[in-house]
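Enquirer: Okay, predicted coordinates and the sequence, questions at the end:
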Amino acid sequence: MKGQPKTQAISEKTRRRVLEEVKGFVDAVIERRVIGEPFDEEAFAAQRPFHAALAPMQLWKAARFERSFVTSLGQRSFERIAHLISSDRYESERSKTTEGRISNAQLATIQRILDDLERRDRTPDWEAELALIDAERDNDPDASLHVISDLWVKKSTGEEFYEIKSSKPNSDQSKVSKEKMLKLYALDPTCRVYFALPDNPYVTRQAYGWTHPMRWFDMRQDPCVLIGRDFWDNLGGQGTYDELLNIFREVGKTTKPRIRREVLGLDD
């Protein structure tokens, strides 16, 4: 109705917890890489004399900080933030262990799919791969499985399993995720499994072009792939992506000046 307040995708309580997580992440990177391990200009000049001769030291100092910043955000914080958001509405668990049994024929099929993708003897096609697994499903499973997922969420519509990786995952990470996802489907065809990336450096899904995960997934078409807005809104409901981005912007009001001072050596 007109005038009715808009429902938030992220509750105020969870918003505060996410804000604290993001700010804590930035503070930890600064403490570790700037204060705990200060950039040694003389050592860098001795190790990379040609680089030091061409560009100011602030650039190389910032580059080292940027690598640590991006790696830490991708490996730790996004997964923790996803858990905070999902647990606000649903039963949710990080590093979820799932155990069960499938047929040896299904296990062999999964390995054959992975081997074919490794050799590039087949192109990724999630629906076709699931059909191969279904064809080997029987009532006498004889192979035991133990799968650990990055995030598990139990909704009224069923269980969801997420493999949460950086926006540019390497091939090994992608392969491991693909294997776990296929095994989870073999254990329970009613569950939904996702290869989830928190943002998209290529802006649109159809433009996504990082080659390493594309060996294992059709990053533009596979329904099991969620990138950026699709991931966050699937996890927490429509509007989650926009609200999360606003939280990051709010934190940035305090972290940007600190990074300018302590990392770049610039005045506010």
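Expert: Nice, thanks for sending it over. Numbers count the residues shown, from 1 in each chain.

Enquirer: Mind telling me what element Ile113 is part of?
Expert: helix 104-119 (DSSP states H and E).

Enquirer: Go ahead and name everything in contact with the helix or strand just after that helix.
Expert: Toward the C-terminus, helix 104-119 is succeeded by helix 126-135 as the next helix or strand (DSSP H and E). Here helix 126-135 makes contact (CB atoms under 8 Å, 6 or more residues apart in numbering) with 106, 109-110, 113, 182, 185-186, 189, 217-218, 222-225. In this view, the C-beta of every residue, glycine as well, is placed from N, C-alpha and C.

Enquirer: Counting by contacts, list what the helix holding Ile113 packs against.
Expert: Here helix 104-119 touches helix 126-135, strand 143-155, helix 171-187, going by 3 or more CB pairs under 8 Å, 6 or more residues apart in numbering; DSSP states H and E.

Enquirer: contacts for it?
Expert: Against helix 104-119 from outside (CB under 8 Å, 6+ apart): 121-122, 124, 129, 132-133, 135-138, 141-143, 145, 175, 178-179, 182-183, 186, 215-216.

Enquirer: Highest mean neighbour count out of the helices and strands packed on helix 104-119?
Expert: helix 171-187 (a mean of 20; mean count of other CB atoms under 10 Å).

Enquirer: confidence score at Gly3?
Expert: Gly3 carries a pLDDT value of 50.

Enquirer: measure stretch 164-180 end to end?
Expert: 12 Å (CA to CA, to the nearest Å).

Enquirer: what does stretch 31-50 give?
Expert: With CA to CA, one end of stretch 31-50 sits 29 Å from the other.

Enquirer: Quickly list the domain ranges of the protein.
Expert: 11-82+238-268, 89-237 (automatic domain parsing).

Enquirer: Any idea how far the longest one is from the middle of the chain?
Expert: So that's domain 89-237. Centroid displacement of domain 89-237 relative to its chain, using CA atoms, centre = their mean, to the nearest Å, is 13 Å.
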